[in-house]
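K.L.:
Need a 3D model of the sequence below.
(2 chains)
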There are 2 protein chains.
Amino acid sequence: MKLSEKVASMALSPIRKFAPIAKEREEQGVKIYYLNIGQPDIETPSCFVEAIQSFDEDVIEYANSQGLDPLVDAICDYFESYGMHYEKEDIMITNGGSEALSMVYNCILNPGDNILVPEPYYTNYDAFVAMTSGYIKPITTSPEEGYFFADAEKIEKCIDENTKAICLPAPGNPTGRTLSLDDIRVICEVAEKHDLWIIADEVYREFVYDGGEMTSFGMLPEFADRVVIVDSISKRYSSCGARIGFIVTKNKDMQEGLMKIAQGRLCVPTLEQIGATELFRLPKSYYDEVCAEYESRRDAAYAEISKIPGVVCQKPGGSFYLMAKLPVDNAEDFLLFMLHDFEDNGETVMFTPAEGFYATEGLGKEEIRIAYVLNAKDMARSAELIRLGIEAYNNRK
Amino acid sequence: MKLSEKVASMALSPIRKFAPIAKEREEQGVKIYYLNIGQPDIETPSCFVEAIQSFDEDVIEYANSQGLDPLVDAICDYFESYGMHYEKEDIMITNGGSEALSMVYNCILNPGDNILVPEPYYTNYDAFVAMTSGYIKPITTSPEEGYFFADAEKIEKCIDENTKAICLPAPGNPTGRTLSLDDIRVICEVAEKHDLWIIADEVYREFVYDGGEMTSFGMLPEFADRVVIVDSISKRYSSCGARIGFIVTKNKDMQEGLMKIAQGRLCVPTLEQIGATELFRLPKSYYDEVCAEYESRRDAAYAEISKIPGVVCQKPGGSFYLMAKLPVDNAEDFLLFMLHDFEDNGETVMFTPAEGFYATEGLGKEEIRIAYVLNAKDMARSAELIRLGIEAYNNRK
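P.N.:
Below you'll find the model as predicted:
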């Protein structure tokens, strides 16, 4: 009795290594600022829980496999408000962005096939691709270039005969990199030339700062047939634990493939869909408020991080992550130092070493990701702790 | 841009063929009794929604990947009450029994591997196995033998060098077949001899009638290391739309494999887990009441079905399905006749033709499945309509 090769080859989350150490330190009375996970502290809009609380059916029945009609309609209206037109059949509700990615990968990948993903990338992409017995080919980017990848030549040299798709988050996790409409066009043209699918992970769509334009792969209708947008309410409405995601595509084959998988797993929870419907009816001003809050957090963190001598960090334009290449020999060792040995006024900080976001061996050893999920004051203090920690780390022994 | 071979080869649910026809007939004023899906009309215990309604956190946060502690504890207590002892780490909460099956198959199957499943079987097993690029080898059973399969020789002759597991629902969907502890021992011994996993789908565990013993693959601790139980609250607590399932295993490799996949998809909805926790705290009398209700429905349906001259139908001992081999040439044609042409006092009935439950070509053409999800009076009337329909069908032209 063995496990399948794909599961045997997968890794457990590296977070597990650090969490017990942090917990132990907390028990010693040290305060830890957690910047390591994308769990925002922004309140979930109350309409979500209110809608669920007013549910008054006697039986919690299966929903239909595609998703509840009012939710699908509300999502169509949401896109329409941005000038993107989708029909009901273009939308598939999923168990979070996670199931959305997993379904799309299963629709596209045969064992041995690959998809291109700009690295550093969201670690869980690996898990979903591994489930198909396919693999990710990274498009390598660098902190010095602000993790830029929307370059035809850069992308094309990664394509081989087993490449089926380009998959990318925009705005980026972990990089915060945004894409202009011109960038999107470049990527679409490469995909068209090589007959690839585009899987656009747009869960941070509205999280664009400095007055930058909100963009989407849905804004270039001429490429619509190859575009599959993966989306979720988790970040947009600070409702990560609701696990409501969705897939948007006009490709009829993909729609049919998704429906086959969706029917197999029956449906997404009924109550969460009822709550999510109300979220999509929130006014645009909601996003403006949330964005302003995150922008102030980013600014607070960036102001401190950029003071670190030797740091490489371009101010990220979107999502709620900031990557920085630190003047340390090894970011994981540095984190262990921060958790085990460092404190300033009884406080230290936890972040994510970025090596795990790279598929290419040896890259990212000096980089970290911080999620700006705390308020601006705490973000400033956290970044200050990183700055002070680096001094202490590099002066130790 | 093509779809993956596995998804291209999958079929859309055959239910889709019949639903529009039924809808059209209803619009003509004919009443249709729906016995075709496993969606019970039993009320979901109110503690489920009440627990969710008392949720008062500001943020719907990610739950942990394994599942909320109180829910895991409540499930351990539930098993303890049946004399089965499980530790916290033996339980993994999933998005319904569907995700539970999908995770377990992904943990076990390499492309080209197979699992044995007694046929007729739950159609969606095919979808989950297809996702792994593996396949199902059927252990063929027959209505004449009451769909019995717990026979070492019968099982062993299906095993080949690519067989990784025996997977079976007990009590059965669609057959209603129950297993005695002796049956379970036979299956476990075969699995041990050939070093196979056992995947026991026990979502209907308590649904055992005629005073029969409730059994579980968790009741033979000597085989615990190869047993993986798939379970769900959907049927037990009439809460199909909550999508809370779970996996129970003492095998440490499997636990780690499941955790890798679970971390990839992050978590199961927080609110639904809070509701589910209360369901597991219901007193045993709840199951007795529900079972008595289903037993009376089964009796009502069986009494009518067994009156049909030439029918082959053994009274099913569990779950809430009844399979019958009817004296018709083709059960799908018969269903179409019932939906298009038949009525008795303005009423007709919808059921599931069973051919789709068989992997072996040509089997099941004369069989149907009915789900006893309506009250006893409606079940009796529905079965009467089937009986009258057969007369009319066989006398047509």
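K.L.:
contacts and neighbour counts: CA atoms only from here.
P.N.:
Fine.
K.L.:
Over to the residue nearest in space to the middle of chain A: give its phi and psi.
P.N.:
By Cα atoms, centre = their mean, chain A has its centre lying nearest to residue A:173, at 4.4 Å. The phi/psi pair for residue A:173 (degrees, to the nearest 10) reads phi -120, psi 120.
K.L.:
Show me the contact partners of stretch A:183-197.
P.N.:
A:150-152, A:155-156, A:163-166, A:198, A:216-217, A:220, A:223, A:226-228, B:1 (Cα atoms under 8 Å, 6 or more residues apart in numbering or on different chains).
K.L.:
in that stretch, what's buried?
P.N.:
A:183-188, A:190-191, A:194-197 (16 or more other Cα atoms under 10 Å in any protein chain shown).
K.L.:
what comes up buried for the lowest-mean-pLDDT helix or strand in chain A?
P.N.:
Ranked by mean pLDDT, DSSP states H and E, the weakest helix or strand in chain A is helix A:15-27, scoring a mean of 86. Residues of helix A:15-27 classed as buried: A:18, A:22, A:25-26 (neighbour count, 16+ other Cα under 10 Å).
K.L.:
what do you get for stretch A:144-157?
P.N.:
Buried, per 16+ other Cα under 10 Å, within stretch A:144-157: A:146-150, A:155-156.
K.L.:
and if you look at stretch A:25-34?
P.N.:
A:25-26, A:30-34.
K.L.:
Name the nearest of those relative to residue A:203.
P.N.:
For those, the residue nearest residue A:203 by Cα to Cα is residue A:34; the value is 21.7 Å.
K.L.:
Enumerate every residue touching that closest one.
P.N.:
Neighbouring residues of residue A:34 by Cα under 8 Å, 6+ apart: A:349-351.
K.L.:
Tell me the one of these nearest residue B:113?
P.N.:
residue A:351 (41.1 Å).
K.L.:
Please, which helix or strand holds the residue in the stretch 1-150 of chain A that chain B sits nearest to?
P.N.:
Per Cα to the nearest Cα, residue A:62 is where the stretch 1-150 of chain A lies closest to chain B, at 4.0 Å. According to DSSP states H and E, residue A:62 maps onto no helix or strand at all.
K.L.:
now residue A:138
P.N.:
Per DSSP H and E: strand A:135-140 holds residue A:138.
K.L.:
Where does the prediction get shaky in the stretch 251-397 of chain A?
P.N.:
Judged by pLDDT under 70, the stretch 251-397 of chain A has its weakly predicted residues at A:397.
K.L.:
quick one: the strands in it?
P.N.:
In the stretch 251-397 of chain A, the strands defined using DSSP state E, counting those that start in this stretch lie at A:321-325, A:347-350, A:352-353, A:367-371.
K.L.:
and the first one, what does it pack onto?
P.N.:
The reference is to strand A:321-325. strand A:367-371 (3 or more Cα pairs under 8 Å, 6 or more residues apart in numbering or on different chains; DSSP states H and E).
K.L.:
any bit of the strand it packs on sitting next to chain B?
P.N.:
No. Judged by Cα under 8 Å from any Cα of the partner chain, strand A:367-371 and chain B are separated, with a smallest distance of 15.1 Å.
K.L.:
Please, where are all the helices along the stretch 101-250 of chain A?
P.N.:
For the stretch 101-250 of chain A, the helices defined by DSSP state H, counting those that start in this stretch occupy A:124-130, A:152-156, A:181-193.
K.L.:
Let's have the ones you listed in a markdown table, adding mean pLDDT.
P.N.:
Converted to a markdown table, those look like this (pLDDT from 0 to 100):
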| stretch | mean pLDDT |
| --- | --- |
| helix A:124-130 | 93 |
| helix A:152-156 | 98 |
| helix A:181-193 | 98 |
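K.L.:
among those, which is nearest residue A:268?
P.N.:
Per Cα to Cα, nearest to residue A:268 of those: helix A:124-130, 18.5 Å.
K.L.:
Could you check how far whichever residue of the stretch 201-350 of chain A sits closest to chain B is from residue A:48?
P.N.:
Residue of the stretch 201-350 of chain A nearest chain B, by Cα to the nearest Cα: residue A:241 (4.0 Å). Distance of residue A:241 to residue A:48, computed by Cα to Cα, to the nearest Å: 12 Å.
K.L.:
any shared contact partners between those two?
P.N.:
By Cα under 8 Å, 6+ apart, no residue touches both residue A:241 and residue A:48.
K.L.:
Mind checking which of the buried residues of stretch A:25-34 are in strands?
P.N.:
Using DSSP state E, A:31-34 are the members of the buried residues of stretch A:25-34 that sit in strands.
K.L.:
Is it possible to get JSON lines of those residues that adds pLDDT?
P.N.:
As requested, these are arranged in JSON lines below (pLDDT from 0 to 100):
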{"residue": "A:31", "pLDDT": "97"}
{"residue": "A:32", "pLDDT": "96"}
{"residue": "A:33", "pLDDT": "96"}
{"residue": "A:34", "pLDDT": "94"}
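K.L.:
Next, count neighbours for residue A:42.
P.N.:
Residues near residue A:42, counting by other Cα atoms under 10 Å in any protein chain shown, number 19.
K.L.:
Nearest residue to it in space, please, no chain neighbours.
P.N.:
Leaving aside its sequence neighbours, residue A:42 sits nearest to residue A:238 (Cα to Cα, 6 or more residues apart in numbering or on different chains; 6.0 Å).
K.L.:
what's the pLDDT at the one you found?
P.N.:
Looking at residue A:238, its pLDDT stands at 94.
K.L.:
Can you tell me which of the buried residues of stretch A:183-197 is nearest residue A:343?
P.N.:
Using Cα to Cα, those come closest to residue A:343 at residue A:183, 42.8 Å.
K.L.:
check contacts around the residue of the stretch 201-350 of chain A closest to chain B.
P.N.:
Taking Cα under 8 Å, 6+ apart, one finds A:234, B:60-63, B:267-271 in contact with residue A:241.
K.L.:
and what of residue A:151?
P.N.:
Residue A:151 neighbours (Cα under 8 Å, 6+ apart): A:183, A:186-187.
K.L.:
just curious, which of those residues is nearest to chain B?
P.N.:
So of the contacts of residue A:151, ranked by how close each gets to chain B (Cα to the nearest Cα), first place is residue A:187, at 15.8 Å.
K.L.:
I'd say residue A:7 and residue B:106 touch.
P.N.:
Yes. Judged on Cα atoms under 8 Å, residue A:7 makes contact with residue B:106 at a distance of 7.3 Å.
K.L.:
so what sits against both of those two?
P.N.:
By Cα under 8 Å, 6+ apart, the residues touching both residue A:7 and residue B:106 are residue A:131.
K.L.:
which one of those two has more residues nearby?
P.N.:
residue B:106 (28 against 24).
K.L.:
so the more buried one makes contact with residue A:5?
P.N.:
No. Here residue B:106 does not reach residue A:5: they are 9.6 Å apart, not a contact under Cα under 8 Å.
K.L.:
State the pLDDT value of the residue nearest to residue A:219 when sequence neighbours are not counted.
P.N.:
Nearest non-adjacent residue to residue A:219, counting by Cα to Cα, 6+ apart: residue A:84, 6.4 Å away. pLDDT, residue A:84: 98.
K.L.:
secondary structure class for residue A:84?
P.N.:
Classification of residue A:84 using DSSP: H, G, I helix; E, B strand; the rest coil returns coil.
K.L.:
try the one 5 residues further on
P.N.:
Per three-state DSSP, the secondary structure class of residue A:89 is helix.
K.L.:
Same question for the one 3 residues further on.
P.N.:
Remark: residue A:92 carries the secondary structure label strand [criterion: three-state DSSP].
K.L.:
can you list the domains in chain A?
P.N.:
According to automatic domain parsing, chain A comprises the domains A:5-42+A:285-395, A:46-279.
K.L.:
Of those, which stretch is the most buried?
P.N.:
Mean neighbour count (mean count of other Cα atoms under 10 Å in any protein chain shown) peaks for domain A:46-279 among the domains of chain A, with a mean of 21.
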